[in-house]
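> Whatever this is, show me its structure:
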Amino acid sequence: MLSERQQRVLEIAVDAYLKTGTPVGSKAIAEKAGFEWGPSTVRAELAELERAGYLVQPHTSAGRVPTDAGYRRYADGLIEAAPHAPRSAGIAAGGLAEARRGVEEALRETTAALAQANDLLALATAPPVSSASIHRVEVLLLQARVVAVVAIADNGDVAKRVFTFAEPVDPGLVEWASSFLNERLAGLAIGSSMVASRLLDPELGDREREFLGEIGTAIAELAEASPQQLYIDGAGRLLSESHAGDLPHPDGVVSALEGRVSVLSVLRSALRERSVFLCIGEENPEPALRTVSVVGAGYGLGYRNLGAVGVVGPLRMDYAKAIDSVRDAAGELSRLFATVYEG
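The predicted model follows:
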């Protein structure tokens with residue numbers, strides 16, 4: 001647990017290093033406007049922060065630079081703070097306004113705006129089935145106690161689940177379920193909040209209601225039937241000379257991005273978070289990405305996450321700008337998809 005003074009020293013040290021790229025000494029921190037402690041006090045706190053693993057001293061008599069843990073502590077503080085007003089990122093106000101003509105264009109506009117705003121690589125994942133609708137649902141009795149449910153979207157995606165019941169299933173119940181599901185769900189957007197409500201009917205008997213409760217989960221799986229599309233912009237920005245000194249293994253990063261699977265895995269972590277998600281350095285599950293940081297946020301509807309948007313950059317990046325712009329972009333995409341799925 002850091003003291004208030006240690007937290008302040010760490011914030012100033014990380015912020016100074018992000019701006020200069022050079023180790024930060026106690027004198028520079030003590031001379032910070034509004035900072036009331038002298039160099040000797042600052043030196044003692046820097047030593048404590050180094051022992052705690054938040055800073056490291058490249059060599060004797062040098063200043064300190066942040067470790068992955070130091071970046072994490074600094075960035076967490078930015079996320080916990082009240083959301084800032086949009087900076088000059090061009091995301092919230094007009095970056096998507098002209099892109100509302102289509103989902104794909106919106107995602108391309110988002111990644112382009114994020115890449116330009118941060119001078120980094122930007123990513124966005126599309127919803128698994130975009131704005132597809134339910135075309136047909138088949139409920140099939142395979143064996144006396146085994147029922148298959150096949151959900152088909154109008155874009156050709158198919159989800160299939162097999163359910164095994166403790167007792168034999170009435171064939172008439174299976175036939176009724178097919179008719180009921182098609183009557184209630186055909187033509188409905190897969191991401192619509194109305195899917196669940198359409199399965200509710202106060203006139204249903206207990207047997208029908210229980211059977212629908214068992215097999216209804218197959219409909220939700222249609223949204224996961226196709227792989228997510230990944231939009232990327234700004235690879236040249238990330239690999240430019242301006243970041244060369246902060247990106248020790250660019251070839252490995254490029255290979256990981258080309259593979260896409262590892263990047264998608266990291267971005268999916270953003271779907272489990274309620275706020276901005278960070279994966280800093282060694283925290284990344286993909287070894288090739290352990291020299292970079294990923295800042296991401298999920299977007300979607302109030303009841304379901306649909307995708308994620310984010311930026312990839314060196315450990316020494318402008319986390320404040322990245323967090324603000326990613327948060328703004330996710331909010332804009334959420335508003336856009338609310339019109340697509342429920343408009």
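> tell me the mean pLDDT over the longest helix anywhere in the chain?
Longest among the helix segments of the chain by residue count, using DSSP state H, is helix 319-342. For helix 319-342, mean pLDDT is 86.
> Can I get that helix in PDB, CA atoms only?
What follows is helix 319-342, C-alpha atoms only, in PDB (Å, rounded to 0.1, in the frame of the first residue of the first chain):
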ATOM      1  CA  TYR A 319      -1.800   6.700 -21.400                       C
ATOM      2  CA  ALA A 320      -4.100   9.600 -20.600                       C
ATOM      3  CA  LYS A 321      -4.800  10.400 -24.200                       C
ATOM      4  CA  ALA A 322      -5.100   6.600 -25.100                       C
ATOM      5  CA  ILE A 323      -7.600   6.000 -22.200                       C
ATOM      6  CA  ASP A 324      -9.700   9.100 -23.000                       C
ATOM      7  CA  SER A 325      -9.900   8.400 -26.800                       C
ATOM      8  CA  VAL A 326     -10.600   4.700 -26.400                       C
ATOM      9  CA  ARG A 327     -13.300   5.400 -23.800                       C
ATOM     10  CA  ASP A 328     -14.800   8.000 -26.200                       C
ATOM     11  CA  ALA A 329     -14.700   5.700 -29.200                       C
ATOM     12  CA  ALA A 330     -16.300   2.900 -27.300                       C
ATOM     13  CA  GLY A 331     -19.100   5.200 -26.200                       C
ATOM     14  CA  GLU A 332     -19.800   6.400 -29.700                       C
ATOM     15  CA  LEU A 333     -19.800   2.800 -31.100                       C
ATOM     16  CA  SER A 334     -22.300   1.800 -28.300                       C
ATOM     17  CA  ARG A 335     -24.600   4.600 -29.400                       C
ATOM     18  CA  LEU A 336     -24.300   3.600 -33.000                       C
ATOM     19  CA  PHE A 337     -25.000  -0.100 -32.400                       C
ATOM     20  CA  ALA A 338     -28.000   0.800 -30.300                       C
ATOM     21  CA  THR A 339     -29.600   2.200 -33.500                       C
ATOM     22  CA  VAL A 340     -28.500  -0.700 -35.600                       C
ATOM     23  CA  TYR A 341     -29.800  -3.400 -33.200                       C
ATOM     24  CA  GLU A 342     -32.800  -1.700 -31.700                       C
END
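> which other helices and strands contact that helix?
helix 68-80, helix 103-118, strand 292-301, strand 304-314 (3 or more CB pairs under 8 Å, 6 or more residues apart in numbering; DSSP states H and E). C-betas here are computed from N, CA, C, even on glycine.
> Cool, thanks, talk later.
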